[in-house]
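[1] need the 3D shape of this:
(one chain, ligands or ions: 1)
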Amino acid sequence: MKVLFIGGTGVISSECSKLCVENGIDLFLLNRGKSFRTPPAKATIINADIRDSGSTQNAVAGYKFDVVVDWIAFNEEHVKNDFELFKDKTKQYIFISSASAYQKPIPKLPITEETPLANPFWAYSRAKIDCENFLMKMHRENGFPVTIVRPSHTYDETKNPLKVDYLPFHRMKNNKPIIIQDDGNSLWTLTHTKDFAKGFVGLLGNPVTIGEAYNITSDETLTWNEIAKLLAEKAGYDLKIAHIPSEFIRQYDEEWGDGLLGDKAHSVKFDNSKIRNIVPEFNPQIKFTEGAAEIADYYVRRKMNNSVDADLDLLMDKIINDFSNKYRRKTNMKFTRVVFAVLTFLISSSLCLIAQKADVSLKKLQDGNKRFVAGKPEHQNQTKARREEVAKGQKPFAVVITCSDSRVPPEILFDQGIGDLFVIRTAGNILDNIGLGSIEYAVEHLKVPLVVVLGHERCGAVDATVKGGEAPGHIKALVSNIARAVEKARSKKGDLLENSIKQNVDNVVEQIRKSKPILEEFVHEKKIKVIGARYDLDDGAVSFFKTDSH
Ligand SMILES: [Zn+2]
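    Below you'll find the predicted structure:
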């Protein structure tokens, strides 16, 4: 099989070049011969610059290939040129796209090849999408034999997943913090080039792959904090992390920020069943604990490529200093590293974004309740995969305070799953300091934008309070708390129990909004939305109360 690699000496492609030659493939590499990686001895080198169509045309005149792979095309112009150059010269053309092209925010995990492509944040990904669209159009209209590969973050010993190369080790060595975006708890997938190559080479010359796209990634997911920890451990350095919001980083370095907001700041997990089905030998084995050891060995023990980008090093210092100064001005609390990490979100997110997040959360609850009412729950996020996904860290989208009543289970009546709701339940959905502390934790640490207080029809706790009389034991504490709502409701027209239930919810909403020092501040700065609601035991519908403030 005759295979032409355009490029072929990069991080990902050089491992594939090696494996091709080992497998007896007749490999040609078209490049300018400038990479520091040595191509395999058995490969035939065609010296040409692919960006110079004329010279490339001459260089490949007379050749026919079974497969052409362009490792370095990243805009529509590049693939248009490839199409013209190779449309009559190859039985398969493989385009290396990017997993970053998948829609952000990611609609659903795991990411399959069917996940839509759209990335409003990152021009790099949008250009890759343009390439895919052009090539698939040529496939449909002209039968151009395209196969698309979407690698995730693929590395070898030379490619440090932290920004960038030797610099993070240099900073660790000098006792300086490294920057990790946001809280560092989003999930990421790193794939070793050796694992990638096995999947990739299996696609070469395989006719069923024409017109298809493939993920080729490892199945391991790690948080960015874990990635940094492994690298520091293997290098033998102490690790200090400065958690800085992606948006804040972007103010200093647009390209860096866009790469975070459009890619690395989003939790990912990939479904690789499509490639496994046609390439059974693809079975990623290399965990990042092993990969981190290779990278540390390359940069720290063997001291390879140890130059430091001094400008970037200074910029990182400046970002960290500016961020901590801004934080100090913003609050009167004593500055500590722990609080610094926990509260990054406070400063980072624009108010508008938070309001939107609360509305998105509210919509999710409303949609879920509609499904429940209609008897068509989807039971999303109740799978083994979801359990494993959130085992490493929770990111619930709403706090729900509701009654302990066995007929009011929030996950069921909002049709949500594991890791979706942060729930506080007491008889009569009332709050003491422990309840308030739980909400504080959820909004401050877990960044939950929406707090719902959910009362319900014929609530026994409220009913007992309405009926009065001596309450035994600790029930007294419940009744005396709810009594304020009942007293206020007595002056209103209509059903006393219904009015008391509504008033009790309103009271708890007020209690949260005025709770000092944390929740009041969050409400005042419009960083959370607190809203009351009522659950109807008979028809299952949740009605949200109107609210004029967040
Ligand atoms: Zn109740």
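[2] how about Gln181, what does it touch?
    Taking CB atoms under 8 Å, 6 or more residues apart in numbering, we find Gln181 in contact with 224, 243-246, 249, 260, 264-265. C-betas here are computed from N, CA, C, even on glycine.
[3] Phe95: which of the residues you listed is nearest?
    For those, the residue nearest Phe95 by CB to CB is Lys264; the value is 22.6 Å.
[4] quick one: that closest one from Asp536, how far?
    With distances taken as CB to CB, to the nearest Å, Lys264 is found 44 Å from Asp536.
[5] would you say Ile531 is within a strand?
    Yes - judged by DSSP: H, G, I helix; E, B strand; the rest coil, Ile531 forms part of a strand.
[6] neighbour count: Lys264 and Asp536, which is higher?
    Remark: of Lys264 and Asp536, Lys264 carries more neighbours, 21 against 14, as counted by other CB atoms under 10 Å.
[7] the closest residue to the ion within the stretch 51-200 of the chain in helix, strand or coil?
    Nearest residue of the stretch 51-200 of the chain to the ion, counting by CB to the ion: Lys108, 34.0 Å away. At Lys108 the chain is in coil, as set by three-state DSSP.
[8] what's the neighbour count on it?
    10.
[9] dihedrals phi and psi, it?
    Dihedral pair for Lys108: phi -160, psi 140, per degrees, to the nearest 10.
[10] what residues does this structure put near the ion?
    For the chain, the contact set with the ion under CB under 5 Å from the ion comprises 403, 405, 459.
[11] and if we set it to 6 Å?
    When proximity is defined as CB under 6 Å from the ion, the chain approaches the ion at 403, 405, 428, 456, 459-461.
[12] now a PyMOL select for only the buried ones of the residues you listed.
    To isolate the buried members of the residues of the chain next to the ion in PyMOL, using 16 or more other CB atoms under 10 Å:
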select buried, resi 403+405+428+456+459+461
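[13] which single residue in the stretch 451-550 of the chain comes nearest to the ion?
    Closest point on the stretch 451-550 of the chain to the ion, by CB to the ion, is Cys459, at 3.3 Å.
[14] quick check: that residue touching Gly428?
    Yes - counting by CB atoms under 8 Å, Gly428 is a contact partner of Cys459 at 6.3 Å.
[15] between these two, which contacts overlap?
    Shared contacts of Cys459 and Gly428 (CB under 8 Å, 6+ apart): 403, 504.
[16] show me the residues of the chain next to the ion that map onto helices.
    Using DSSP state H, the subset of the residues of the chain next to the ion located in helices is 460-461.
[17] can I get the residues of the chain next to the ion in a markdown table including pLDDT and distance to Glu15?
    Below are the residues of the chain next to the ion laid out as a markdown table (pLDDT from 0 to 100; distance: CB to CB, whole Å):
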| residue | pLDDT | distance to Glu15 |
| --- | --- | --- |
| Cys403 | 97 | 58 |
| Asp405 | 97 | 59 |
| Gly428 | 97 | 63 |
| His456 | 97 | 59 |
| Cys459 | 97 | 64 |
| Gly460 | 96 | 66 |
| Ala461 | 96 | 64 |
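[18] list just the nearest of the residues of the chain next to the ion to Gly468.
    Ranked by distance to Gly468 (CB to CB), those are led by Ala461 at 13.3 Å.
[19] got a list of what the closest one touches?
    With contact set as CB under 8 Å, 6+ apart, Ala461 has these partners: 403, 427-428, 430, 478-479, 482.
[20] do that again at 10 Å, thanks
    Neighbour list for Ala461: 403-405, 426-430, 455, 475, 478-479, 481-482, 501, 504 [criterion: CB atoms under 10 Å, 6 or more residues apart in numbering].
[21] show me which of those residues are buried.
    Here, 16+ other CB under 10 Å leaves 403, 405, 426-430, 455, 478-479, 481-482, 501, 504 buried among the contacts of Ala461.
[22] okay, and which of the residues you listed map to strands?
    403, 426, 455 (DSSP state E).
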